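**Q** Here is my input, please return the structure:
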Amino acid sequence: SIEFKGTLQDPLDFDGVLGSLVIDAQKLDGLLRIFGAESGINPPVRFAGELQRQDDHWQLSAVQGKLGASAFSGGLILDEAARGQPDDVGIDLAFPKLDLDPLLKGADGADSVKEADWSALKLRVEEERGTNIAWRIAAKLLKYGKMRIADVGIQGRLVSDAIALEQLKFA
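**A** This is a model prediction of the structure:
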């Protein structure tokens with residue numbers, strides 16, 4: 001479900017959007033398919049934030065939400081490119097505690113898997129993507145199986161034919 005409360009300067013073109021947005025999806029992959037993307041993982045996702053659009057720039061700020069059981073805050077931007085060119089998406093999320101186990105258990109549609117396995121995720125990248133994605137994710141505590149890692153940060157980008165890991169840090 002998607003709930004928007006706010007104003008639109010040009011309702012038919014969605015220009016001048018300003019207001020609050022709440023999105024509640026039972027499966028992350030279902031939400032991403034609206035935008036022509038896939039994740040390979042299917043936790044529920046719910047988030048709320050302030051949506052703003054001016055021309056080709058969309059911004060969702062002051063975001064608060066949950067990915068599976070992990071709460072997060074942050075923001076998202078989308079810069080639309082000319083027709084035939086890939087759009088640019090920026091994701092900046094901070095988790096007090098990011099538990100990968102429930103997120104990865106259903107990776108690649110294997111809902112019956114009893115243990116999380118990051119190697120089940122497909123890392124195949126399309127040669128011609130419709131969207132370039134830059135991400136920055138931080139977690140005060142990252143949990144994966146029996147492993148616990150403090151102060152984790154990861155930054156990278158996904159572009160046509162490549163995944164780039166630009167920074168990985170942890171305590």
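**Q** got the residue ranges for the helices in this structure?
**A** 28-33, 100-105 (DSSP state H).
**Q** Just say which of these is most tucked in.
**A** For the helices of the chain, average neighbour numbers computed from mean count of other Cβ atoms under 10 Å are highest in helix 100-105, which has a mean of 19. For every residue, glycine as well, the C-beta is placed using N, CA and C.
**Q** export that one as PDB, just CAs?
**A** Coordinates of each C-alpha in helix 100-105 appear next as PDB, following Å, rounded to 0.1, in the frame of the first residue of the first chain:
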ATOM      1  CA  LEU A 100      20.900 -10.500   7.900                       C
ATOM      2  CA  ASP A 101      19.600 -13.900   8.900                       C
ATOM      3  CA  PRO A 102      15.900 -13.400   8.200                       C
ATOM      4  CA  LEU A 103      16.700 -11.300   5.100                       C
ATOM      5  CA  LEU A 104      18.900 -14.000   3.500                       C
ATOM      6  CA  LYS A 105      16.800 -17.000   4.500                       C
END
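**Q** where does this structure have low pLDDT?
**A** Residue ranges of the chain with pLDDT under 70: 35-40, 106-129.
**Q** What are the boundaries of the strands in the protein?
**A** Secondary structure of the chain by DSSP state E: the strands cover 2-7, 18-25, 45-54, 57-67, 70-79, 87-99, 131-144, 147-159, 162-169.
**Q** Looking at the helices of the chain, which is nearest to residue 169?
**A** Among the helices of the chain, the nearest to residue 169 by Cβ to Cβ is helix 100-105 (17.0 Å).
**Q** So for residue 105, which of the strands of the chain sits nearest?
**A** Across the strands of the chain, closest to residue 105 is strand 87-99 (Cβ to Cβ), at 10.6 Å.
**Q** Report the inter-axis angle for that closest one versus strand 57-67.
**A** Here strand 87-99 runs at an angle of 20 degrees relative to strand 57-67 (axes from the mean of the first three to the mean of the last three Cα atoms, to 10 degrees).
**Q** in strand 87-99, what counts as buried?
**A** By 16 or more other Cβ atoms under 10 Å, the buried positions in strand 87-99 come out as 87, 88, 89, 90, 91, 92, 93, 94, 95, 98, 99.
**Q** so that strand versus strand 131-144, what angle?
**A** Going by the same axes, to 10 degrees, strand 87-99 makes 10 degrees with strand 131-144.
**Q** other SSEs contacting strand 87-99?
**A** strand 70-79, strand 131-144 (3 or more Cβ pairs under 8 Å, 6 or more residues apart in numbering; DSSP states H and E).
**Q** circling back: okay if I get the buried residues of strand 87-99 as CSV plus distance to residue 67?
**A** Putting these into CSV (distance: Cβ to Cβ, whole Å) gives the following:
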residue, distance to residue 67
87, 22
88, 22
89, 16
90, 17
91, 11
92, 14
93, 8
94, 12
95, 8
98, 8
99, 10
